[in-house]
Each structure stands twice: as C-alpha cells, then as structure tokens.
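Peer 1: Structure of the sequence below:
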Amino acid sequence: MEHNIYVYPNPTNGHFFIENKMPSEPLEVEVWDGVGRRVFTEKTKAVERSEFDVSHLVNGVYCLKIRVLDAFVTRRLILMK
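Peer 2: A predicted model of the protein is given here:
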C-alpha cells in the first residue's frame, strides 16, 4: 500500500495534497511535531486526492501519519512559509 500514497508538494507552504492511488477507503491523517505532539488530524472520504491546510503551524519538520484501514504510512513533512 505504501507505494500508492503520494504527498506533495514537500516542502509545503502550508497546503499539501495526499494522492491515494487506491481510493476505495478513507484516510485518517495526523501531523505530529518534533516533540511528539499531535498538532493536526483530519479524516477524508474515499477519494483519489485530498487537500490539507496546515498553514496555522510554525515552520519545521513534522511527521505525517496516514492510516488506511489497519495499515499506516509515515512521511516526513517540511513546512516552510
């Protein structure tokens, strides 16, 4: 499944997309900061491409955790405004 999830643009200026090449299931998206706090969470519908707005966060490197059913995909997300 990991090869079917794409996050772009990265680095982001606050808005990014997740493309799910197998859009039969919704995604649960979490963003975690460098000290382990969850700073953003959102659930999507079962679609191929979803847009997210994290422009309220400060510049930095975040951990992006994407859940589909019982599987997880993690990505590093860089925010530069």
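Peer 1: how far away is the residue lying closest to Leu69 once chain neighbours are set aside from Lys45?
Peer 2: Excluding the flanking residues, the one nearest Leu69 by C-beta to C-beta, 6 or more residues apart in numbering is Glu25, at 5.7 Å. For glycine as for every other residue, the C-beta is placed from the backbone atoms N, C-alpha and C. In this view, Glu25 and Lys45 are 10 Å apart by C-beta to C-beta, to the nearest Å.
Peer 1: When those two are compared, which one has more neighbours?
Peer 2: Neighbours of Glu25 and Lys45, each counted by other C-beta atoms under 10 Å, are more numerous for Glu25; the result is 15 against 9.
Peer 1: SS state for the more buried one?
Peer 2: coil (DSSP: H, G, I helix; E, B strand; the rest coil).
Peer 1: any weak-confidence spans in this structure?
Peer 2: In the predicted model of the chain, residues 1-3 satisfy pLDDT under 70.
Peer 1: now the strands for it?
Peer 2: Using DSSP state E, the strands of the chain run over residues 5-8, 15-20, 28-32, 38-43, 49-53, 60-68, 71-79.
Peer 1: can these go into JSON lines with extra columns for mean neighbour count?
Peer 2: Below are the strands of the chain laid out as JSON lines (neighbours: other C-beta atoms under 10 Å):
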{"stretch": "strand 5-8", "mean neighbour count": "15"}
{"stretch": "strand 15-20", "mean neighbour count": "18"}
{"stretch": "strand 28-32", "mean neighbour count": "18"}
{"stretch": "strand 38-43", "mean neighbour count": "13"}
{"stretch": "strand 49-53", "mean neighbour count": "14"}
{"stretch": "strand 60-68", "mean neighbour count": "17"}
{"stretch": "strand 71-79", "mean neighbour count": "15"}
